[in-house]
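Participant: sequence? don't have it. structure:
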């Protein structure tokens, strides 16, 4: 996410135009929304404007903090130059590498073409000069391209050297049927869509997705196999409500809808479109006490939802998959206490099986684990939870992808014991759709290359998401970010199966 997230909701004052049906199957709650488009700003403009301004002010402050931390590290010889990278890769892995050894990169995204050896990585880049003169984005989204499954890469270039404020939260996908590349990113607090039909050589002009929604944050994207149907979810007014915006002409035009009007803050972390066109969004709903500001500790459960549409976005059904407790508070420099909380990821395989993974604790303030649940009923019912991370360790921010029938691959961040200063990335796979999983493999295997790296691991996760992809050769490639602290500096790393 952009480093200005987690602004909790005040009491909701919008009314949603929806028909809500409640039924129960274990802990399952169901609500159906649509087809009318919900009014986008029903409350007073002054309150919405104040909310947007507060987010923007905090964003500017944290960008400045990151720049100052990077500049100080450069002066001390701890950043801004190449360090030798040594790795001890696990069997079947090439070894961890830096995307850019000089830049201060944060929160990457990755996509692989399923039919050709193209792979694409996006990062939010802080630690280099602006990519164009004048009113140019700072930070900016850097694009790296590989034409050989991740073995070699181009030098990073701007996804869009567009005029305007900072760019954040990039997400990228390859259209399975055409090889076109679709991406979304935030320009300030506006989600933009952009695409390429020539393997990232050139890109379309960015298109606004958000209509009249006054601010939007943390997008995810899902695309149909032919690329015509594009679905994006983000949070927005009032105070973090979930929205879905969609295009049915390959991203040329967009419509907008609020899914839920509540006192919870919703974060969209992953999305997918099944082969039959069913759309899935994974969203974590967090309750903050007393309408508190960023940096507060959540109260009550964190509810893990999957929103499902079987009619190309005309209606969405809300499936409550699990409720967990807010876990361990982050204490790294500059870190809000809720930084480790409320993440999920999902994927749908070729048979339509959904695998949903999420972090959470069993007791408030306790260590988090990564859990996985599956559905073969379009989210109507879910399997019992399977724990992926090791007990007695803090775990957070999983990523997942699938291919074929039941071939599931996932990674997650995990500490060594309860020590918050020794993190690693662990990889697990399933060959039966998530029912059972392989032993965990450490893939953050570099033992040097940055001052925050050691043979034991790295000091802090840098941003609270990364991604995983499967190449046309059936190999896994994964990317994430590591750093000195929440404030940084840090860098984006990747590892792959050669």
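Facilitator: That came in fine, so what should we check first? All figures in this text were calculated on a predicted structure; none of them were measured in a lab.
Participant: what comes up buried for the one helix or strand residue 477 maps to?
Facilitator: The secondary structure element spanning residue 477 is strand 476-483 (assigned by DSSP states H and E). By neighbour count on 16 or more other CB atoms under 10 Å, the buried set for strand 476-483 is 476, 477, 478, 479, 480, 481, 482, 483. Where C-beta positions appear, they are placed from N, C-alpha and C, glycine not excepted.
Participant: What is it packed up against?
Facilitator: The helices and strands touching strand 476-483, judged by 3 or more CB pairs under 8 Å, 6 or more residues apart in numbering; DSSP states H and E, are strand 105-112, strand 119-125, strand 395-403, strand 407-416, strand 419-430, strand 460-461, strand 467-470, strand 490-496.
Participant: That strand: partners in the sheet, and parallel or antiparallel?
Facilitator: strand 460-461 (antiparallel), strand 467-470 (antiparallel), strand 490-496 (antiparallel) (DSSP bridges).
Participant: most tightly surrounded among these?
Facilitator: strand 490-496 (a mean of 28; mean count of other CB atoms under 10 Å).
Participant: by how many degrees do it and strand 119-125 diverge?
Facilitator: Relative orientation of strand 490-496 and strand 119-125, computed by axes from the mean of the first three to the mean of the last three CA atoms, to 10 degrees: 170 degrees.
Participant: gap between strand 490-496 and the chain center?
Facilitator: Between the centre of strand 490-496 and the centre of its chain there are 15 Å (CA atoms, centre = their mean, to the nearest Å).
Participant: and which of the buried residues of strand 476-483 is nearest to residue 124?
Facilitator: residue 481 (9.0 Å; CB to CB).
Participant: okay, now the closest residue to that closest one other than its chain neighbours: neighbour count?
Facilitator: Using CB to CB, 6 or more residues apart in numbering and skipping the chain neighbours, the partner closest in space to residue 481 is residue 462 (3.8 Å). Using other CB atoms under 10 Å, residue 462 has 29 other residues around it.
Participant: And residue 462, its phi and psi?
Facilitator: phi -120, psi 100 (degrees, to the nearest 10).
Participant: same deal with residue 69?
Facilitator: In terms of degrees, to the nearest 10, the main-chain angles of residue 69 are phi -60, psi -40.
Participant: The protein: helices as residue ranges?
Facilitator: Secondary structure of the chain (DSSP state H): helices located at 45-75.
Participant: Can you mark which positions in stretch 169-184 are buried?
Facilitator: By neighbour count, and taking 16+ other CB under 10 Å as the criterion, the buried residues in stretch 169-184 are 169-176, 178-184.
Participant: quick check, nearest of those residues to residue 406?
Facilitator: Taking CB to CB as the measure, residue 406 lies nearest residue 176 of these, at 18.1 Å.
Participant: Off-centre distance for stretch 361-370?
Facilitator: Averaged C-alpha coordinates place stretch 361-370 at 21 Å from its chain's average position (CA atoms, centre = their mean).
Participant: hmm, who's touching stretch 142-149?
Facilitator: Among residues not part of stretch 142-149, those counted as contacts by CB atoms under 8 Å, 6 or more residues apart in numbering are 99-100, 103, 105, 112, 117-125, 152-159, 199-200, 471-473, 475, 477, 496.
Participant: Show the buried residues in those.
Facilitator: With neighbours counted using 16+ other CB under 10 Å, the contacts of stretch 142-149 contain these buried positions: 99-100, 103, 105, 112, 117-125, 153, 156, 158-159, 199-200, 471, 475, 477, 496.
Participant: List the contacts of residue 176.
Facilitator: Remark: with contacts taken as CB under 8 Å, 6+ apart, residue 176 is in contact with 114, 115, 225.
Participant: rerun at 6 Å
Facilitator: For residue 176, the contact set (CB atoms under 6 Å, 6 or more residues apart in numbering) comprises 114, 225.
Participant: Next, it: phi, psi?
Facilitator: Note on residue 176: backbone dihedrals following degrees, to the nearest 10 are phi -60, psi -40.
Participant: Local confidence estimate at residue 27?
Facilitator: In the predicted model, residue 27 carries a pLDDT score of 36.
Participant: what does residue 133 give?
Facilitator: With respect to pLDDT, residue 133 scores 80.
Participant: for residue 72, same thing?
Facilitator: The per-residue pLDDT reported for residue 72 equals 96.
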